[in-house]
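Engineer: What would the 3D arrangement of this be:
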Amino acid sequence: MLSIELSTDIVDNNSYHFARNWFSLSITLLVEFQTMKTGLPNRIQLEETWLKELESEFLKSYMHELKLFLKSEKQKGKRIFPKGKEMFKALDLTPLNKVKVVIIGQDPYHGLGQAHGLCFSVPEGIKAPPSLQNIFKELNDDLALPIPSSGCLLPWANQGVLLLNSILSVEKGLPGSHSSRGWEEFTDSIISKVDEREAVVFMLWGKYASQKGRNINTNKHLVLNSSHPSPLSAHQGFFGSRHFSKCNRFLESKGFSPIDWSI
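Structural biologist: Reported below is the predicted structural model:
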């Protein structure tokens, strides 16, 4: 049995006062599970800069409903990806004050072992899915980078590339199964917080991502749109888009270091 609880610790002095120190205020994802190997809980804290901006989201009704939905699905024995400790991995690896680039995906990979909290990315040792293979082909064409053997995009995240799925969980084998459950509202808030920053590059691949980023301020950010890198649509505008070189030219023009897109 596995239950998921999203919670915030609140300092209450007749009203809610959010503590500034992340040691006294935390947002946690508690994953309690029983297996033959262990019964210990895992605890994950949201990265400090995101915590400061998103703490209020965890008090809203949609997040409560999302928690109940995830708990119910687990109690039914359904397999949910990624692991609970990785649902907020994109935020943990790329602090808000370090974000230079945002790539928006839809929902996590639904195959066994593929999802690990970063859109389009897979863990080390897992074969790159077709869309990621096409991303690497475009990188090769755009920047002459060799096509990597690894599909893990951790090096991008560590440089300020926020690899954000719109929906942060999925049932095994059922893409889109956790849509309209609250994640979209949460990730809209994430995008809104990034939009408040200056000179960020948003890569919106496909109609879904374009719609997700419809309110981004194009007067101060670079918004790059194309078709999705899926084999079904990559030839309709993704190939030849040269988003990676365009991104780096924009960052350098604003005085920021470019992204090293090699893996």
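
Engineer: burial count for residue 222?
Structural biologist: 20 (other Cβ atoms under 10 Å). For glycine as for every other residue, the C-beta is placed from the backbone atoms N, C-alpha and C.

Engineer: quick one: contacts for it?
Structural biologist: Residue 222 sits next to 199-202, 246-247, 250 when contact means Cβ atoms under 8 Å, 6 or more residues apart in numbering.

Engineer: what are the ranges of the strands in the protein?
Structural biologist: 2-8, 11-12, 16-17, 27-33, 42-45, 80-81, 101-105, 161-165, 170-171, 201-205, 222-226 (DSSP state E).

Engineer: For residue 181, give its distance to residue 115.
Structural biologist: To residue 115, residue 181 is 16 Å away according to Cβ to Cβ, to the nearest Å.

Engineer: what about the two, which has more around it?
Structural biologist: A direct count of neighbours by other Cβ under 10 Å for residue 181 and residue 115 places residue 115 higher, at 28 against 18.

Engineer: thought the more buried one was touching residue 126?
Structural biologist: No: Residue 115 lies out of contact with residue 126 (Cβ atoms under 8 Å); the separation is 9.7 Å.

Engineer: Run a quick neighbour tally on the spatially closest residue to residue 65 that is not a sequence neighbour.
Structural biologist: With Cβ to Cβ, 6 or more residues apart in numbering as the criterion, residue 65 has its nearest non-adjacent residue at 5.9 Å, and that residue is residue 182. Counted with other Cβ under 10 Å, the neighbours of residue 182 add up to 23.

Engineer: Could you do residue 53 as well?
Structural biologist: 16.

Engineer: Check residue 149 too.
Structural biologist: When neighbours are counted by other Cβ under 10 Å, residue 149 comes out with 9.

Engineer: what do you get for residue 231?
Structural biologist: Neighbour number of residue 231 under other Cβ under 10 Å is 12.

Engineer: Mind jotting down where the helices sit in the stretch 101-250 of the chain?
Structural biologist: Taking DSSP state H, counting those that start in this stretch as the criterion, the stretch 101-250 of the chain carries its helices at 130-143, 154-157, 183-195, 207-212, 243-253.

Engineer: Please identify the most buried of those.
Structural biologist: helix 154-157 (a mean of 20; mean count of other Cβ atoms under 10 Å).

Engineer: what is the mean pLDDT for that one?
Structural biologist: Average pLDDT, helix 154-157: 98.

Engineer: for it, packing partners?
Structural biologist: Contact here means 3 or more Cβ pairs under 8 Å, 6 or more residues apart in numbering; DSSP states H and E; on that basis helix 154-157 packs against helix 89-93.

Engineer: what does stretch 123-130 contact?
Structural biologist: Residues contacting stretch 123-130 (Cβ under 8 Å, 6+ apart): 109, 111, 113-114, 116, 122, 136, 150-152, 230-231.

Engineer: of these, closest to residue 55?
Structural biologist: Taking Cβ to Cβ as the measure, residue 116 is the one of those closest to residue 55, at 24.7 Å.

Engineer: check contacts around that closest one.
Structural biologist: So residue 116 contacts 82-83, 86, 89, 122-123 (Cβ under 8 Å, 6+ apart).

Engineer: For it, what are phi and psi?
Structural biologist: Per-residue torsions, residue 116: phi -150, psi 30 (degrees, to the nearest 10).

Engineer: where does the stretch 1-150 of the chain dip in pLDDT?
Structural biologist: Applying pLDDT under 70 to the stretch 1-150 of the chain flags the ranges 1-44.

Engineer: Identify the spatial nearest neighbour of residue 94, chain neighbours not counted.
Structural biologist: Using Cβ to Cβ, 6+ apart, the closest residue to residue 94 is residue 162 (4.6 Å).

Engineer: I'd say the one you found and residue 99 touch.
Structural biologist: Yes: taking Cβ under 8 Å as the definition, residue 162 is a contact partner of residue 99 at 5.0 Å.

Engineer: okay, those two: which has more neighbours?
Structural biologist: Neighbours of residue 162 and residue 99, each counted by other Cβ under 10 Å, are more numerous for residue 162; the result is 26 against 21.
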